[in-house]
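[1] Okay, sequence plus prediction incoming.
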Amino acid sequence: MAKQASPNVTNITTNGSDSSIVCYAPTMITTNGIWQGDNPLDYSLPLFILQLTLVVVTTRLLVLIFKPFRQPRVIAEIMGGVLLGPSVLGQYKPFADTIFPMRSVMVIETMANVGLLYFLFLVGLEMDIAVIRRMGKRAVIIAVAGMILPFAIGAAFSFLIHDRGQSMNQGTFILFLGVALSVTAFPVLARVLAELKLVNTELGRIALSSALVNDMCAWALLALAIALAENDSTSLASLYVILSSIAFVCFCIFVVRPAVCWIIRRTPEGESFSEFYICLILTGVMISGFVTDAIGTHSVFGAFVFGLVIPNGPLGVTLIEKLEDFVSGLMLPLFFAISGLRTNITTIHGVGTWGLLILVIFLACIGKIAGTVIVCLFYQMPIDEGFTLGLLMNTKGLVELIVLNVGKDQKVLDDEAFAIMVIVAVVMTGIITPIVTTVYKPARRSIPYKRRTIQRSKPDAELRVLVCVHTPRNVPTMINLLEASYPTKRSPLCVYVLHLVELSGRASAMLIVHNTRKSGRPALNRTQAQSDHIINAFENYEQHAGCVSVQPLTAISPYSTMHEDICNLAEDKRVAFLIIPFHKQQTVDGGMEAMNPAFRTMNQNVLANAPCSVGILVDRGLNTSNRMTTNQVSHNIVVLFFGGPDDREALSYAWRMSEHPGISLTLIRFIPGPDVAEPVGVVKPDPDAANNSHSNSKILCVETDEGWEKQLDEKLIKEFRVQHMNDESIVYVEKVVNNGEETVAEVRATANVHDLFIVGRGHGMISPLTAGLTDWSECPELGAIGDFLASSDFATTASVLVVQQFVGDEGSAAHDHELDNDHDHDGGLGTPQPVALSPAGGDQFGSMHQNGNKRTQPPIRAQNSNPNVFSA
């Protein structure tokens, strides 16, 4: 095989020498195979594939390792590079020569830069300049103040680090160090804020806005630094570079943007963009990179500007979806790995240099914090918030690494300075999450509130409901359910709509935070477009329905901790009822398919920890005609009543609905027949638990008296019947059944008449009337009847609402018995009003967000010690 060797000088250092001459063989791309005696690693393609795989696997493993420490992904990616590079594994010479030989550097760096080119195109695409224009003066001032001091510190240090022997002038060196120390990485910061659950706070909004401004300034400074670095010979050449860069930006604004707008206008709304246009734009990214590289700025600058001029909207969404996962998942780690491979920690010699390194980290951090705190004090923000904001602004990421890499390429930074700055970036970003978690603890106002259930809500007071939504598909049925809840002037509805967004690795998902929808601008991405649809639907409902106030909110966090956001919000807003969508949705043929397994775990966590009553809505389309007035709602609702706190809560909610003139309600009460195997009972706590040191009297459990439960059921039903004696739209039926089979037969008989079933979850209750139903249950969290109604076997088009009553006090029956002595008919929907709690009780309410819904506490074992309890 003829090998044409073309010498090519690379500037990668090996063992102290400044540069090595490496011979490339252009024909050696693919191998003839190991059976021909070829070593695949001698050829560039197999070697590149191996390097890429190694980099991706290493970074992914490190992401998993750093996850418990809540570290952003960028740290894992840089550390992966450092690990594979000359600092750690590269010290072992056979590894370095086999996996990362000198001849492979050109290929891997070229690919890394292509990935970087497209990533910066995406960053530009996702960045909305209009957002910056609309930002408050405060965010801009914080961003600028957070840049000036670290820049000054960088300038001061440049005199200590700068090697006099270098050809580079001092000014350019100052510019590079200053930019590297003063930038804030917007995507990394967004991720950190979401991890710390600060996205929706005022502090989070200011931090994100400031980071966005800071990012823009950093790009301008980077372009300037590169222009000055590449042409240190004559100042005139630098001037030409800057002028031609300005000309390029103007060309993008006045030629490229109108052309893209024309493409958008040519494509009908809702249609997908033609492949030709997408291809044209992706080629445009390359051309922009080529042009800016040719004029003397870095190629990434061109790609960034090109992305920036494309208007936000459907085209941006399409491009992001086509590129994002491939670019940020596969190509970008290559760039970070290259930065790590170039970092040789062993070049940092002497205690003095390490001391200097620690000093740089410390002073740059302090500089940003000081600048931010001064502005915060000027705006009369609390000093701890100012300090936290300063810390958050220290997040480093992509921009800084680009600055450093360009600096190293242009010989502005030598190996030692480069290694120092990479370590500074990793350490500064790594320490933020732990420090902020310890320093900033926003005061959680845990106000004890009593109206945690619908049953205890006053009929003449506002009912507060928290509605959780995953996708726009959940919205119509939710709105119809709220409409059926009969908001009136006497008892209005206050609805908090929470759009649940999974925290993904994408920066684009985070930009939903900048939800400045009021301006009517198009959405930045699919998540935000969904959010807009959801919010618009609920706001539309608010306008057309009287006596309803809607407050839209967004929760962005991993599904594993999403329930914390939901429960904290429910507590903060003092909600009485929390509605979450079921994790399955109806298919076209009427079956039920799971949407996302994480939804189910989240629902179970919400049921276990909710500070109020919970309803899980199984959505089979709560059909209503297209009407705009609330009075024309027509629903047939059925309540299946077996007894117990959950069923009482279900009846209380249906009772409220039944006041609506357009709703007919059927209450079916199941009564044990003569052949019942065992009496209906309530779960008693495990007697073994008495030996447990933790089971003191303060633990709230479901040790309720069966007799009391039955009396409370009777009392509520009696009041309901008395109140609706002459109401034709309300039907009360008693069904005598002996076992689970008879119950199922009766439920099936009612299937096709109604369009909404409301049932209690029945948690903690043991009833022979549902015996055997739990043996085959797919979703035990819905209870025996709820699971049967939600299953695909139950052929119906009716939606199901499974209700769990909040029992956070000393057992529901005991508490209601205490209330019974202080009976007041105005108290609840036919139920007694709560009396003032004793200090101890108040304390338990106050700490409820930690204790959660106590009925879910294991271990629980069925015990019916008194079989004759119902003989009365």
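    On my side now, so go ahead.
[2] can you map out the helices along the stretch 701-850 of the chain?
    Listed in chain order, the helices of the stretch 701-850 of the chain (DSSP state H, counting those that start in this stretch) span residues 706-723, 740-749, 783-790, 812-820, 839-846, 848-851.
[3] which stretch in those has the least confidence?
    By mean pLDDT, the lowest-scoring of the helices of the stretch 701-850 of the chain turns out to be helix 839-846, with a mean of 34.
[4] Listing request: residues of the stretch 101-250 of the chain with sub-threshold pLDDT.
    Low-confidence segments of the stretch 101-250 of the chain, defined by pLDDT under 70: 128, 130-135, 161-168, 200, 230-235.
[5] now do 90
    Counting by pLDDT under 90, the low-confidence segments of the stretch 101-250 of the chain come to 101-107, 109, 119-120, 122-242.
[6] quick one: the helices in it?
    Defined through DSSP H, counting those that start in this stretch, the helices belonging to the stretch 101-250 of the chain, from first to last, are 105-126, 129-134, 137-161, 170-182, 186-195, 202-230, 235-251.
[7] Return the list of helices and strands in contact with the fifth one.
    Using 3 or more Cβ pairs under 8 Å, 6 or more residues apart in numbering; DSSP states H and E as the contact test, the elements touching helix 186-195 are helix 202-230, helix 383-392, helix 415-439, helix 507-510. The C-beta positions use only the backbone N, C-alpha and C, and glycine is treated the same way.
[8] ok, 7 Å please
    Using 3 or more Cβ pairs under 7 Å, 6 or more residues apart in numbering; DSSP states H and E as the contact criterion, the elements in contact with helix 186-195 are helix 202-230, helix 415-439, helix 507-510.
[9] Can you say which of those helices is nearest to M331?
    The minimum distance between M331 and the helices and strands packed on helix 186-195 falls on helix 507-510, with 15.0 Å, by Cβ to Cβ.
[10] Just the buried residues of the helix or strand just after the closest one, please?
    For helix 507-510, the following helix or strand on the C-terminal side (DSSP states H and E) is helix 526-544. Using 16 or more other Cβ atoms under 10 Å as the test for burial, helix 526-544 gives 526-532, 534-535, 537-538, 541-542.
[11] same question, stretch 65-72
    When burial is assessed from 16+ other Cβ under 10 Å, stretch 65-72 yields the following buried residues: 66, 71-72.
[12] for the residues you listed, which one is nearest L120?
    Using Cβ to Cβ, P72 comes nearest to L120 of those, at 18.5 Å.
[13] Was I right to think that closest one contacts A194?
    No: using Cβ atoms under 7 Å, P72 makes no contact with A194, being 10.1 Å away.
[14] Redo the buried residues of helix 526-544 as TSV? Include pLDDT and distance to K573.
    Formatted as TSV, the entries for the buried residues of helix 526-544 read as follows, by pLDDT from 0 to 100; distance: Cβ to Cβ, whole Å:
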residue	pLDDT	distance to K573
R526	68	28
T527	73	23
Q528	72	23
A529	76	26
Q530	81	23
S531	82	19
D532	82	22
I534	89	18
I535	87	17
A537	90	20
F538	90	15
Y541	89	19
E542	89	16
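[15] And the furthest pair within these?
    Spanning the widest gap among the buried residues of helix 526-544 are R526 and E542, at 24.6 Å by Cβ to Cβ.
[16] can you list the weak-confidence ranges in the stretch 301-450 of the chain?
    Residue ranges of the stretch 301-450 of the chain with pLDDT under 90: 301, 308, 311-368, 371, 376-386, 394-450.
[17] mind running it again at 50?
    Segments of the stretch 301-450 of the chain classed as low confidence (criterion: pLDDT under 50) are not present in this model.
[18] Could you pull out the helices in it for me?
    Secondary structure of the stretch 301-450 of the chain by DSSP H, counting those that start in this stretch: the helices cover 314-326, 332-342, 350-378, 383-392, 398-409, 415-439.
[19] cool, the stretch 501-650 of the chain as well?
    Remark: helices assigned in the stretch 501-650 of the chain by DSSP H, counting those that start in this stretch are 507-510, 526-544, 562-572, 597-609, 645-658.
[20] so which of the helices of the stretch 301-450 of the chain is the most packed in?
    The densest packing among the helices of the stretch 301-450 of the chain, expressed as mean neighbour count by mean count of other Cβ atoms under 10 Å, is seen in helix 332-342 with a mean of 26.
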